[in-house]
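*Asks:* quick one, what's the 3D model for this:
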Amino acid sequence: MIPYPIGSRSKKPGPFLKNTDKQDFKMSDLKETRISSEKKFSGRLIDLYLDQVGLPNGEKSTREWIDHPGAVCLIPILPDGNICLIRQFRYGPGAEFIEIPAGKLDNGEDPLDCAHRELEEETGYCSNKLTFLTNIHPAIGFCNEKMWMYLAEDLVETEHNLDQDEFLKLLPTSLDDALEWVWSGKITDVKTIIGILWVEKLLKRKD
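*Replies:* Got it, this is the predicted structure:
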């Protein structure tokens with residue numbers, strides 16, 4: 001539900017907040033306040049809540065949102081210079097996607113420790129140089145998930161250690177091909193798009 005109608009033709013005053021003093025909005029002007037919260041579902045990975053909230057204009061509404069433990073994602077640079085992408089079927093959208101390796105945080109786990117673990121589990125490589133790049137929030141419309149993104153360099157081959165219900169294939173790819181797949185729409189996963197563009201930026205900085 002969109003609480004503020006966009007482009008409404010109604011002649012009645014809408015619920016838009018007016019900036020009467022012509023100054024920029026502060027984030028606090030837009031904050032919604034939780035009035036009540038009810039857990040509707042609890043699963044292995046996520047919890048689903050239905051909250052009642054107070055809106056910035058004094059009205060009330062509801063928000064459905066997912067509580068997620070957080071995750072890491074990695075851009076592994078193979079010894080030959082290619083990016084180690086993976087192919088994986090995603091049940092929700094019902095399709096196979098090209099992605100960078102990623103995985104959720106265990107309870108209380110440090111993101112850097114998780115990055116080392118997930119890299120080896122999914123790619124069969126460990127890294128002697130993990131560099132934190134940025135945090136991203138991939139689904140802000142309904143989820144509080146936060147991801148830590150790392151560049152993984154100086155890789156050493158070990159062996160895969162996938163979860164019992166996890167199936168994927170490695171897809172070593174040149175940066176040029178990965179960029180072309182982003183711009184052509186072959187890659188649509190948001191974390192992967194951001195990761196590939198970060199690698200392009202970093203490599204251009206070295207040139």
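*Asks:* who touches the longest helix seen in the chain?
*Replies:* Secondary structure assigned by DSSP state H gives helix 190-206 as the longest helix of the chain. Here helix 190-206 makes contact (Cβ atoms under 8 Å, 6 or more residues apart in numbering) with 73-75, 77, 83, 85, 97-100, 102, 133-134, 136, 138, 147, 149, 151, 175, 178-179, 182, 187. (Each C-beta comes from the backbone N, C-alpha and C, glycine too.)
*Asks:* now, those residues that are in helices?
*Replies:* Filtering those for helices - DSSP H - leaves Leu175, Ala178, Leu179, Val182.
*Asks:* quick check: pLDDT value at the third one.
*Replies:* So that's Leu179. At Leu179, the model reports a pLDDT of 97.
*Asks:* and the gap between it and Leu197?
*Replies:* Taking Cβ to Cβ, to the nearest Å as the measure, Leu179 falls 8 Å from Leu197.
*Asks:* likewise the first one?
*Replies:* To Leu197, Leu175 is 10 Å away according to Cβ to Cβ.
*Asks:* check the last one too.
*Replies:* Applying Cβ to Cβ, the value for Val182 to Leu197 is 7 Å.
*Asks:* more crowded one of these two?
*Replies:* Val182 (20 against 13; other Cβ atoms under 10 Å).
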